[in-house]
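Q: Mind looking at a prediction? Sequence and model below.
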Amino acid sequence: MTGYRRVLAVPGMASLLGVSLLARVAITADVMALTMYVVLGLDLSYAAAGGVAAALTAGVALGGPLLGRMIDRRGPRVVLVTTVVLQVVFWLSVPLLPYGILVGAAFAAGLLMVPAQLVTRQAITAMTTPGLRRAAFALESVQGELSYVVGPAIVIFFAAEVSPGVVAWGVGAAIAAGGAGMAVLNPPLRADDEADADTGARPRRREWLGPHMIAALVMAFGATTVLSGTDLAIVATLEEAGQVPWAAAVVATYGVASIVGGLVYGVLPRPLPTWLVLGLLGLATIPAGLAHDWPWLCVAGAGAGLLAAPTLSAVAHTVSRLAPPSVRGEATGLQSSALSAGFALGSPIVGVAITASVPGGGFAAAGLAGLVAALTGWLLSRRSPARPPARAPQRLPAAS
């Protein structure tokens, strides 16, 4: 754990991760908050709630590169303050909007969501040395897992006990507080030796968005496809067994295992290739289809969960190494878009497999999706990289 102590000892790192965690817990819970508001507050169907959630998710996926490019050009503080103001306006107005307008507003809110992940990942790259970077990204991936375990659960509890409208305000307040805290910290997004990265000509997209970067984005998409598909397969399996109330225990077990796996991965003496970690995640997911009740699903989930956070950490580390400093925001935004797309499409893909076969087939579909993405990433990574920009050749090593 010495590596983690060294990471947290970096000036400003502990504060950044703390404030970022607040923002990410709230951002992770925003879909659930809107879902509970539409179902309980507006008394509409879950299908209607899914429309709002889909609009928000689509906005987040499309907004990642846009916000990243704005950060590259204007810096983090301007973008953070702008998005915080817009989030405050949106979440305050949620209980006042009719359904049709809420769908459009949710898309706009997703498009201009507080870029907590983008800023955190870029700051990690700028604030850490190469020797500490993998441990730092492991902490960032563990932060993400904590967000998914804690955020939606808090929203569900308070929406039932208090009011879905008040919960929406609370989520918006937490998003705004986290974004405002990051704006106050204003973390550096360029290392000392990259200070002049923005003064030269911006590299053309084809110079850095080559096979190796595309491989990393494909693997990001594949990783979250596995994760979201696994969640749906867990619910479908337990529904068939009449054990749906135990879904929370299975998902929590998966999340805890992922946190443990992420922490272990961060202190390994040598990193594993991203395609290999993703491939192992896919392989470990498939056998969960043999489980038919919640205790065995917990066992299977723990085995696969150990590889979830390491996969996300490896993807983030790869993107940070491949992106030239002057376009790191846009590259990180593309990574966030790929992750969001995987979360959005994983459930429909696995849902088709479950409908066509049995609930256990959902785990097979999720695992195979991960294997296909890993194979694609491996094939793309074997191609010769495009000629790197003259300003930052050290940022374009072979993708792992």
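A: Right, received. Where do you want to start?

Q: Pull out the buried residues from the helix or strand hosting Ile175.
A: Assessed by DSSP states H and E, Ile175 sits inside helix 164-185. For helix 164-185, the neighbour count (16 or more other Cβ atoms under 10 Å) marks 164-165, 167-172, 174-183, 185 as buried. The C-beta positions use only the backbone N, C-alpha and C, and glycine is treated the same way.

Q: ok now it, how far from the chain's centre?
A: Distance, stretch centre to chain centre, for helix 164-185: 18 Å (Cα atoms, centre = their mean, to the nearest Å).

Q: Which other helices and strands does it contact?
A: Contacts defined by 3 or more Cβ pairs under 8 Å, 6 or more residues apart in numbering; DSSP states H and E place helix 164-185 against helix 13-36, helix 76-93, helix 116-127, helix 130-161.

Q: Can you name the element that comes right after the first one?
A: Okay, so that is helix 13-36. Counting by DSSP H and E, the next helix or strand C-terminal to helix 13-36 is helix 46-74.

Q: rewinding a little: the helix holding Ile175 relative to helix 13-36, how many degrees between them?
A: When axes from the mean of the first three to the mean of the last three Cα atoms, to 10 degrees is applied, the directions of helix 164-185 and helix 13-36 differ by 160 degrees.

Q: Could you give the average pLDDT over the helix or strand just after helix 164-185?
A: Per DSSP H and E, the first helix or strand lying C-terminal to helix 164-185 is helix 205-208. The average pLDDT within helix 205-208 is 84.

Q: Please apply the same query to stretch 100-120.
A: Rounded mean pLDDT across stretch 100-120 is 93.

Q: Span of it from start to end?
A: Using Cα to Cα, to the nearest Å, the span of stretch 100-120 from its first residue to its last is 34 Å.

Q: ok, Gly170 touching Phe158?
A: Yes - using Cβ atoms under 8 Å, Gly170 makes contact with Phe158 at a distance of 7.1 Å.

Q: Pull the helix holding Ile175 out as PDB, backbone CA atoms only.
A: The C-alpha coordinates for helix 164-185 follow below in PDB (Å, rounded to 0.1, in the frame of the first residue of the first chain):
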ATOM      1  CA  PRO A 164     -38.700  12.100  -5.000                       C
ATOM      2  CA  GLY A 165     -38.700  15.900  -5.700                       C
ATOM      3  CA  VAL A 166     -36.600  16.600  -2.700                       C
ATOM      4  CA  VAL A 167     -34.200  13.800  -3.600                       C
ATOM      5  CA  ALA A 168     -33.800  15.400  -7.100                       C
ATOM      6  CA  TRP A 169     -32.900  18.700  -5.400                       C
ATOM      7  CA  GLY A 170     -30.400  16.900  -3.100                       C
ATOM      8  CA  VAL A 171     -28.700  15.100  -6.000                       C
ATOM      9  CA  GLY A 172     -28.500  18.400  -7.900                       C
ATOM     10  CA  ALA A 173     -27.000  20.100  -4.800                       C
ATOM     11  CA  ALA A 174     -24.400  17.400  -4.400                       C
ATOM     12  CA  ILE A 175     -23.400  17.600  -8.100                       C
ATOM     13  CA  ALA A 176     -23.100  21.400  -7.800                       C
ATOM     14  CA  ALA A 177     -21.100  21.200  -4.500                       C
ATOM     15  CA  GLY A 178     -18.700  18.700  -6.000                       C
ATOM     16  CA  GLY A 179     -18.200  20.700  -9.200                       C
ATOM     17  CA  ALA A 180     -17.800  23.900  -7.300                       C
ATOM     18  CA  GLY A 181     -15.200  22.300  -5.000                       C
ATOM     19  CA  MET A 182     -13.200  21.100  -8.000                       C
ATOM     20  CA  ALA A 183     -13.400  24.700  -9.500                       C
ATOM     21  CA  VAL A 184     -12.000  26.100  -6.300                       C
ATOM     22  CA  LEU A 185      -9.200  23.500  -6.300                       C
END
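
Q: got the angle between that helix and helix 76-93?
A: Using the same axes, to 10 degrees: helix 164-185 against helix 76-93 is 170 degrees.

Q: re earlier: which one, of the helices and strands packed on helix 164-185, ends up nearest to Gly333?
A: helix 116-127 (5.8 Å; Cβ to Cβ).

Q: List the contacts of that closest one.
A: Contact with helix 116-127 is made by 10-13, 16-17, 20, 23-24, 27, 64, 67-68, 71, 76, 80, 133, 136-137, 140, 144, 178-179, 182, 187-191, 194, 316, 319-320, 328-329, 332-333, 335-336, as judged by Cβ atoms under 8 Å, 6 or more residues apart in numbering.

Q: Which positions within it qualify as buried?
A: Buried residues in helix 116-127 (16+ other Cβ under 10 Å): 116-127.

Q: domain ranges for this structure?
A: 13-191, 205-385 (automatic domain parsing).

Q: distance between the longest one and the chain's centre?
A: In this view, domain 205-385 has its centroid 11 Å away from the chain centroid, taken as Cα atoms, centre = their mean.

Q: Out of the domains of the chain, which is the most enclosed?
A: domain 205-385 (a mean of 22; mean count of other Cβ atoms under 10 Å).

Q: Arrange the helices and strands packed on helix 164-185 in CSV, one row each, with distance to Pro324 as further columns.
A: Converted to CSV, those look like this (distance: least, Cβ to Cβ, whole Å):
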stretch, distance to Pro324
helix 13-36, 23
helix 76-93, 18
helix 116-127, 11
helix 130-161, 16
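
Q: Out of these, name the one with the poorest average pLDDT.
A: Averaging pLDDT over each of those puts helix 130-161 lowest, since it has a mean of 84.
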